[in-house]
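Visitor: just need the structure, nothing else, for what follows:
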Amino acid sequence: MKLPLSAGSPDTAPELAKPSLPTTWLILHALFCATSMAVGFRFSRLVVFLLFLPTPPMNPAAHLVSLVTPPLTLASSNATATITTTTTTTTTVTTTTTVAETEAFANAHHQVHHGPVFVGRHAIRVRKWPHPDPTELLKAHHILAAVQNAQRSSSRRGSGPPRPVIAVTPTITSALQAPSLMSLAHTLRLVDGPLMWIVVEPGQRTDAVAALLSSSTLEFLHLAGPVDAPTAHLRMHALREIRKHRMDGVVVFADENGIFRTELFDEAQKVQSVGAVPVGVLGEDEGTKESFLQAPACDAAGKLVGYHVSEETLLPAERSDMLLSSRLEWAGFVLHARVLWEGAAERPEWVRDLGTVDGAAHLESPLALVTDAGRVEPLAGCGQAALAWSLRSDALREIKFPHEWKFDAPLVNAASRQLGVANTEDGH
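Guide: Okay, the predicted model is just below:
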């Protein structure tokens, strides 16, 4: 008979050693690390946080106060409020707390300063919103608006500060002179960068135009051209003034009967000498009604080949002396002011000197300033969309209306008296 083996017998099979706590922790940590690499965040810390987070003792009274509507504040600080809530169908719990304790709890809740908020591994600060100082908030909005406007303007015209804009406007006394100039002044106020508005009148400077220019808040130059001079000669008089004072910038021909987009002035910043932009023609011309887009025409390589002078007619660039060139609108051309200077190095050989243009008979055409119409720079994508609109109609100058659209006070009083007499007669 075999005796049972004792515990100390050498033939006893050894028991498996239980893994210690550090070994188990390392195994779990390695498992959690592998899981973290798969899901992308610290999974082990999350599990440990959920497992070993100590649960703070709960105050039943405070818990009840937080679940119900806060009591009304009474006039006395030691007044009491009774809050009753039913937790089950058979048990009713009544809690009595003072108003002072409730106010202290609310103040403590509002005075808690939260720690930093972590976004990934980076901590960010939490600020009150909106800003407590409305003045600083308004300054911030102004700064943001200025930066956004500068970014939009620079993207339209290219990098660098804008060159000054010189807007040339010939004007003749008519029924719509004042409202047309006022509308043009509102457009010129939207131009980004410095601007000089040159307004030329025939014979003498009138008080009505002078008062309008003074109220426009724009920098202007009010000139008096030759007596009974047509619009073309008034425009040339302004160009000679630019040449005389050697004004620098880009020249835009802003006639009073035109409508202009602000993109026109951005495209003018790109001109190197003389450029052409698309302009829409509206109204009547020589007894015919027509509305079309007058623009430079380009080939596939983007090189200028001619000008659209009507919806059906294309004026070739090499035949700029044709009679059709007189139908081109000045609003569709922009100039670099230095090409008008006498002896300027920026003036190319194909741009005429103003002294030779004075006696020309074709001043109605903007191509009178150049000898080679094929050298003009096509701008604005070579006529993709109109940047200005020109109204061709002479009938508007014959409109008659009361002075400044005002009725004198005696006329109003007379009408009131007549109305009173009529009412009296009806009463009798």
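
Visitor: where along the stretch 101-250 of the chain do the strands fall?
Guide: 117-119, 122-124, 165-170, 195-202, 220-225, 250-253 (DSSP state E, counting those that start in this stretch).

Visitor: and if you look at the stretch 301-428 of the chain?
Guide: Counting by DSSP E, counting those that start in this stretch, the strands of the stretch 301-428 of the chain are 304-308, 314-316, 333-336, 377-378, 388-392.

Visitor: now these as a markdown table including distance to His131, mean pLDDT and mean neighbour count?
Guide: Yep, even glycine has a C-beta here, placed from its N, CA and C like the rest. As requested, those are arranged in a markdown table below (distance: least, CB to CB, whole Å; pLDDT from 0 to 100; neighbours: other CB atoms under 10 Å):
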| stretch | distance to His131 | mean pLDDT | mean neighbour count |
| --- | --- | --- | --- |
| strand 304-308 | 54 | 90 | 20 |
| strand 314-316 | 60 | 88 | 16 |
| strand 333-336 | 45 | 95 | 25 |
| strand 377-378 | 49 | 93 | 18 |
| strand 388-392 | 43 | 86 | 19 |
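
Visitor: possible to save the ones you listed as a markdown table with distance to Pro170?
Guide: Shown next, in a markdown table, are the strands of the stretch 301-428 of the chain (distance: least, CB to CB, whole Å):
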| stretch | distance to Pro170 |
| --- | --- |
| strand 304-308 | 22 |
| strand 314-316 | 24 |
| strand 333-336 | 15 |
| strand 377-378 | 24 |
| strand 388-392 | 13 |
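
Visitor: can you pull out the helices in the stretch 101-250 of the chain?
Guide: Applying DSSP state H, counting those that start in this stretch to the stretch 101-250 of the chain gives helices spanning 134-157, 177-188, 207-215, 231-245.

Visitor: for Leu264, find the nearest of those helices.
Guide: helix 177-188 (9.5 Å; CB to CB).

Visitor: same for the closest one, what does it pack against?
Guide: strand 165-170, strand 195-202, helix 207-215, strand 258-260 (3 or more CB pairs under 8 Å, 6 or more residues apart in numbering; DSSP states H and E).

Visitor: and the direction of it versus that of strand 165-170, what angle?
Guide: Per axes from the mean of the first three to the mean of the last three CA atoms, to 10 degrees, the angle that helix 177-188 makes with strand 165-170 is 170 degrees.

Visitor: any idea of the angle helix 177-188 forms with helix 207-215?
Guide: Using the same axes, to 10 degrees: helix 177-188 against helix 207-215 is 20 degrees.

Visitor: now helix 177-188 and strand 220-225, what's the angle there?
Guide: Using the same axes, to 10 degrees: helix 177-188 against strand 220-225 is 140 degrees.

Visitor: now helix 177-188: average pLDDT?
Guide: What helix 177-188 shows for mean pLDDT is 93.

Visitor: mind listing what's buried in that helix?
Guide: 177-178, 180-181, 184-185, 187-188 (16 or more other CB atoms under 10 Å).

Visitor: in TSV, list these along with distance to His29.
Guide: TSV is the format used below for the buried residues of helix 177-188 (distance: CB to CB, whole Å):
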residue	distance to His29
Gln177	88
Ala178	85
Ser180	82
Leu181	82
Leu184	77
Ala185	76
Thr187	72
Leu188	73
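
Visitor: which of those residues lies closest to Gly343?
Guide: For the buried residues of helix 177-188, the nearest to Gly343 is Leu188 (30.7 Å; CB to CB).

Visitor: for that closest one, give me its contacts.
Guide: 167, 195, 197, 216, 218, 254 (CB atoms under 8 Å, 6 or more residues apart in numbering).

Visitor: try 7 Å this time
Guide: 167, 195, 197, 218 (CB atoms under 7 Å, 6 or more residues apart in numbering).

Visitor: could you dump those into TSV with pLDDT added?
Guide: Shown next, in TSV, are those (pLDDT from 0 to 100):
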residue	pLDDT
Ala167	97
Leu195	95
Trp197	97
Leu218	95
